[in-house]
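A.B. asks: Coordinates only, no sequence provided:
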């Protein structure tokens, strides 16, 4: 667990006065009039991602509101949230979630509904509804960025040739060595079908059939020396240490290793699976008002643009995308490293989060039975 220092009270007072005077550019940092707590607890993902959030979001919010931000870490999933809600004792105020899991959690009644006017307008006055990406507003969540799960590889592992398409992940004759994949059906199923040359627009229709699931699971089962990861930093470390030659992972964490650690790895953008990352408030959160204030702050144009200076995830606001510049420490042009850049997105898959929200339990059971030997594999639908 880590903390961001609480801002001094006089800073919050000055900010409140500035807001009252209508100073341009300050609307994103509204302080709480009567703070209900000394801190706000955020559940996030750790690693390079959390470090970026601390610099671009948590510390500025603490400075603006006078509230400390306490960060706890997880690797996704709804099990802990279910237990906390059922017990009526939820230790987090805000959760950073994938949109598919937020949709499933909302359907289960695990999250608080969000007000339609939660997000601030763009700096030029454009209403939030027109400034955000399509689908950013959910009943219980608000998209703050778009990340991609990609394949990365060691540049010194394949002399004379480089992987160029997602099918190369499965070609261990031309590109030998151990592989690392996330311990989840998501993305892995899509890549397995892409390796059969299934068109991107047909992926989820085919995965909804017995034949499609069987093909995907068989292709994944064909990989030799396959290692499964859960924590987002694990595949990065395995690649850096040379324990695997190719690994799936989050584009921002691979970028961090490439730029900040000079790691000999590169990203294969073909087949990247893009997904919305959202803010959500758990049911029974202790400080829902503070949580809503934080979400409004963290999704403002200026904050989204600030985050891209530390990690290359695409903003959910058009006005923030226009403000992407360079990496705060290295000066690297971040526009070339976000997954939504046209050069990177040519072979991208947009994850069907609604499909996963509806099928995650059944598909997860099939995946575990077929590949992880955790339970017998039932008949596919």
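C.D. replies: That came through fine. Here the structure is a predicted model, which is why all the values come from computation and not from measurement.
A.B. asks: what about stretch 320-338, distance to the chain center?
C.D. replies: Chain-centre distance of stretch 320-338: 18 Å, with Cα atoms, centre = their mean, to the nearest Å.
A.B. asks: Could you list the buried residues of that stretch?
C.D. replies: 320, 321, 323, 324, 327, 328, 334, 337, 338 (16 or more other Cβ atoms under 10 Å). The way it works is simple: take the backbone N, C-alpha and C, and place the C-beta from them, glycine included.
A.B. asks: any idea which element the first one lies in?
C.D. replies: I take that to be residue 320. Assigned by DSSP states H and E, residue 320 belongs to helix 318-321.
A.B. asks: Run through the neighbouring helices and strands of that helix.
C.D. replies: Judged by 3 or more Cβ pairs under 8 Å, 6 or more residues apart in numbering; DSSP states H and E, helix 318-321 is in contact with helix 301-307.
A.B. asks: what helices or strands is the following helix or strand past the helix it packs on leaning on?
C.D. replies: Once helix 301-307 ends, the next helix or strand along the chain (criterion: DSSP H and E) is strand 314-315. Secondary-structure packing of strand 314-315 (3+ Cβ pairs under 8 Å, 6+ apart): strand 141-154, helix 301-307.
A.B. asks: 10 Å instead, please
C.D. replies: In terms of contacts (3 or more Cβ pairs under 10 Å, 6 or more residues apart in numbering; DSSP states H and E), strand 314-315 is packed against strand 141-154, strand 265-280, helix 301-307, helix 318-321.
A.B. asks: Starting from the second one, tell me which strands it pairs with and how they run.
C.D. replies: Here strand 265-280 is paired, per DSSP bridges, with strand 94-98 (antiparallel), strand 141-154 (antiparallel), strand 349-350 (parallel).
A.B. asks: Just the buried positions in that strand, please.
C.D. replies: 265, 267-280.
A.B. asks: just stretch 54-62 next, same as before
C.D. replies: Neighbour-count burial for stretch 54-62 flags 54, 55, 56, 57, 58, 60, 61, 62 (criterion: 16+ other Cβ under 10 Å).
A.B. asks: so is residue 239 in a helix, a strand, or just coil?
C.D. replies: At residue 239 the chain is in helix, as set by DSSP: H, G, I helix; E, B strand; the rest coil.
A.B. asks: quick one, what contacts the spatially closest residue to residue 351 that is not a sequence neighbour?
C.D. replies: Closest residue in space to residue 351, ignoring its immediate chain neighbours: residue 275 at 4.5 Å, by Cβ to Cβ, 6 or more residues apart in numbering. By Cβ atoms under 10 Å, 6 or more residues apart in numbering, the contact list for residue 275 reads 98-100, 143, 145-149, 186-187, 250, 339, 349-353, 356.
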